[in-house]
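Colleague: with the sequence up front, the predicted model follows.
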Amino acid sequence: MPASILKSLSVGDSPLSCTQTHPVRTISQSHSRGREIILTQKLREQLHSREEQDRLITPAHPKTISHMADFGSNDTLSFSSSGVLRTAFLKELERHPNFTLGSRSTRIFEGTTQYLTDLEEYLAHFHGAESALFFNSGFDANVALWSTVPQPGDVVLYDQYVHASIHEGMRRGRAETQMFPHNDCAGLQQCLLNLREKHPGIAEGNQTVFIALESVYSMDADSPPIHRMIQLVKEILPRGNAVLSIDEAHSNGLLGPNGSGYACSLGLEKEFALRLHTCGKGLGATGGVILANKIIRSYIINYAKNVIFSTGPAFPVLAAVKAGYDLLASEEGETRRTRLQQNISYFHNKLTSHPHWSAIKQNGILTIPTEGTWATESFHAPIIPFNTRDGDANSLADRLHQAHYWVNPVHYPLVPKGQERVRLVLHADNTESQIDDILGVIMQWSMEQVRDSTRFDDTGWMQVACSI
Ligand SMILES: Cc1ncc(COP(=O)(O)O)c(C=O)c1O
């Protein structure tokens, strides 16, 4: 597969070869073609280097995935794959037979349609917020938020593992940014104390400190110690100049009343001046929504370039989101949430009680960072990060693909160097027999690695013995 990507990138296949349609070429055209060739060579070299490190991204062919049981996608309630969302979507279309497909403009002109306005009001109400602002993706929503809202002189303190879209927004923004260690209350406390000491504006309450968190971290599947963090922020910055923000991409739809999310499940809506939900994961559709007060909403519309200079969301996207939210609030949604939690518990119990699991962990073949805290949590994230030894993630993923189970191996730069893993995701529609079977494959692969590493040790000892 990597070879095919590289081949399709070769100069002869590039659109530039279409210059044949212009028989008389100018010097400037030849020069620009020359530059393109050099560029293509440079790009090819970089792709090749990724390939050599076994981390070239080559999206699987849809036909390959369609034959496999889904243990990889973010469609955790199986809304999309089961077809229940399609049915709800078609009903929503029937309710609006005269819909205008495109929004026809940016939101600051004609693009804010009545349907979009109604949907945003519905979303604000659904999540217990003053107002909502919808985007075509969660990525866009984060970029709009973080590139505009923090002001010059403000500081954004962000958890080490926040999503790339938050980084992208901060990079384009005007505030100072600082990282604190993942889920680490002591680290957060130290950062807050330092800021208060070094920035008189912060100590006096004139400059704002934003604290950027996620409800469930997408690669590690853990949640922040939220009550302690809120308490720390209030203690250290008591003048109302701290803004807590939570990205609920991986909790939207999965917990809380009607699946309204993590903050709602804990009754903490008011503690977070900024909340962000995405619609492409548990909801099975696409899009992102910022929940905030009306001033923040209006500020983003006025200042975010990807709102002002981009066409507003099209009707089918909005209708799919509305259909998804209606499903979340229905009995079907509740049943699927319950079934998902049952599947996660079933998987976890079977895995951790497996007679080989201890040996596999002890030999460092596979580990799950959240295993230690699992028993104490009432909500369990559907993401199971199987951390592997360096170079092993592809091997385990390949074995699972051969057995017709779709999972994703994850490498740097998606995760830090030395932390590659197989990201397995459970779904409402996974069956117990699929779970038994996939665990069987994981155990068999792992025990082969245990045996190989033991054999290697034996050989090593034999070699040492012989050399003596
Ligand atoms: C925490 C978090 N925020 C934002 C996003 C981006 O959302 P979307 O896929 O809708 O662009 C993701 C997607 O992976 C995510 O995990």
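Modeller: On my side now, so go ahead. Numbering: from 1, shown residues only.

Colleague: which residue is the nearest non-sequential neighbour of residue 323?
Modeller: Setting aside the residues directly before and after it, residue 323 is nearest to residue 88 in space (Cβ to Cβ, 6 or more residues apart in numbering), at 3.8 Å. All C-beta spots, glycine's among them, are computed from the backbone N, C-alpha and C.

Colleague: check the gap between the residue lying closest to residue 153 once chain neighbours are set aside and the ligand for me.
Modeller: Nearest residue to residue 153, sequence neighbours excluded (Cβ to Cβ, 6+ apart): residue 207, at 4.7 Å. Between residue 207 and the ligand the distance is 26 Å, computed by Cβ to the nearest ligand atom, to the nearest Å.

Colleague: and for residue 207, the neighbour number?
Modeller: 20 (other Cβ atoms under 10 Å).

Colleague: check whether it really touches residue 152, as I assumed.
Modeller: No: with contact defined as Cβ atoms under 8 Å, residue 207 does not count as touching residue 152 (9.2 Å).

Colleague: residue contacts, residue 254?
Modeller: For residue 254, the contacting residues are 76, 77, 261, 282, 337, 340, 379, 381, 382, by Cβ atoms under 8 Å, 6 or more residues apart in numbering.

Colleague: quick one, what contacts whatever residue of the stretch 101-250 of the chain ends up closest to the ligand?
Modeller: Of all residues in the stretch 101-250 of the chain, residue 138 sits closest to the ligand, with a separation of 2.4 Å (Cβ to the nearest ligand atom). Contact partners of residue 138, counting by Cβ under 8 Å, 6+ apart, are 165, 247, 249, 276, 277, 278, 279, 280, 287, 288.

Colleague: among those residues, which are located in helices?
Modeller: residue 165 (DSSP state H).

Colleague: tell me, which of the contacts of residue 138 make contact with the ligand?
Modeller: 165, 247, 249, 278, 280, 288 (Cβ under 6 Å from any ligand atom).

Colleague: and the two most separated of these?
Modeller: Spatial extent of these (Cβ to Cβ) is set by the pair 247 and 280 at 13.1 Å.

Colleague: run a quick neighbour tally on the closest residue to residue 230 other than its chain neighbours.
Modeller: Leaving out its chain neighbours, the residue that sits closest to residue 230 by Cβ to Cβ, 6+ apart is residue 271, at 5.4 Å. Applying other Cβ under 10 Å, we find 17 residues neighbouring residue 271.

Colleague: which positions in stretch 269-279 come out as buried?
Modeller: 269, 271, 272, 273, 274, 275, 276, 277, 278, 279 (16 or more other Cβ atoms under 10 Å).

Colleague: now the nearest residue to the first one once chain neighbours are set aside: how far from residue 224?
Modeller: Using Cβ to Cβ, 6+ apart and skipping the chain neighbours, the partner closest in space to residue 269 is residue 128 (4.4 Å). Separation of residue 128 from residue 224 (Cβ to Cβ, to the nearest Å) stands at 20 Å.

Colleague: tally of neighbours for residue 206?
Modeller: Counted with other Cβ under 10 Å, residue 206 comes out at 12.

Colleague: the protein against the ligand: which residues are in contact?
Modeller: 137-139, 142, 163, 165, 214, 218, 247, 249-250, 278, 280, 288.

Colleague: tell me the one of those residues nearest residue 418?
Modeller: Among the residues of the chain next to the ligand, and counting by Cβ to Cβ, the member closest to residue 418 is residue 218, at 18.5 Å.

Colleague: residue 128 and residue 224: which has the busier surroundings?
Modeller: Neighbours per residue, other Cβ under 10 Å: of residue 128 and residue 224, the larger number sits with residue 224, 22 against 17.

Colleague: what pLDDT does the model give that one?
Modeller: As predicted, residue 224 sits at a pLDDT of 96.

Colleague: checking it next. Helix, strand or coil?
Modeller: coil (DSSP: H, G, I helix; E, B strand; the rest coil).

Colleague: top of the ones next to the ligand among the contacts of residue 138 by number of neighbours, please.
Modeller: Within these, residue 247 tops the neighbour count with 30 neighbours, counted by other Cβ under 10 Å.

Colleague: which pLDDT value belongs to it?
Modeller: 98.

Colleague: likewise for the one 10 residues further on?
Modeller: Here, the pLDDT recorded for residue 257 equals 98.

Colleague: what ranges do the strands span in this structure?
Modeller: For the chain, the strands defined by DSSP state E occupy 69-70, 131-135, 155-159, 176-180, 209-214, 242-247, 274-278, 288-292, 366-367, 383-388, 405-406, 408-410, 421-425.

Colleague: residue 108: which of the ones you listed is closest?
Modeller: strand 131-135 (12.5 Å).

Colleague: the closest one - which strands sit beside it in the sheet, and in what orientation?
Modeller: Counting by DSSP bridges, the strands paired with strand 131-135 are strand 288-292 (antiparallel).

Colleague: what's the farthest-apart pair in the buried residues of stretch 269-279?
Modeller: Checking these with Cβ to Cβ, the most distant pair is 271 and 279, at 23.1 Å.

Colleague: what's the spacing between the closest residue to residue 401 other than its chain neighbours and residue 374?
Modeller: Nearest residue to residue 401, sequence neighbours excluded (Cβ to Cβ, 6+ apart): residue 68, at 6.9 Å. Distance of residue 68 to residue 374, given as Cβ to Cβ: 27 Å.

Colleague: which of these two has more residues huddled nearby?
Modeller: The neighbour comparison of residue 68 against residue 374 (other Cβ under 10 Å) goes to residue 68, with 17 against 14.

Colleague: which ones are touching that one?
Modeller: Contacts of residue 68 by Cβ under 8 Å, 6+ apart are 401, 404, 405, 406.

Colleague: now it. Its backbone dihedrals?
Modeller: The phi/psi pair for residue 68 (degrees, to the nearest 10) reads phi -110, psi 160.

Colleague: in stretch 292-304, which residues are buried?
Modeller: 292, 296, 297, 300, 301, 304.

Colleague: for the protein, name the helix or strand with the lowest mean pLDDT.
Modeller: helix 2-8 (a mean of 32; mean pLDDT, DSSP states H and E).

Colleague: domain assignment for this structure?
Modeller: 62-80+332-455, 99-329 (the TED database).

Colleague: can you redo those domains as JSON lines with distance to residue 92?
Modeller: Conversion of those to JSON lines gives the following (distance: least, Cβ to Cβ, whole Å):
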{"stretch": "domain 62-80+332-455", "distance to residue 92": "13"}
{"stretch": "domain 99-329", "distance to residue 92": "5"}
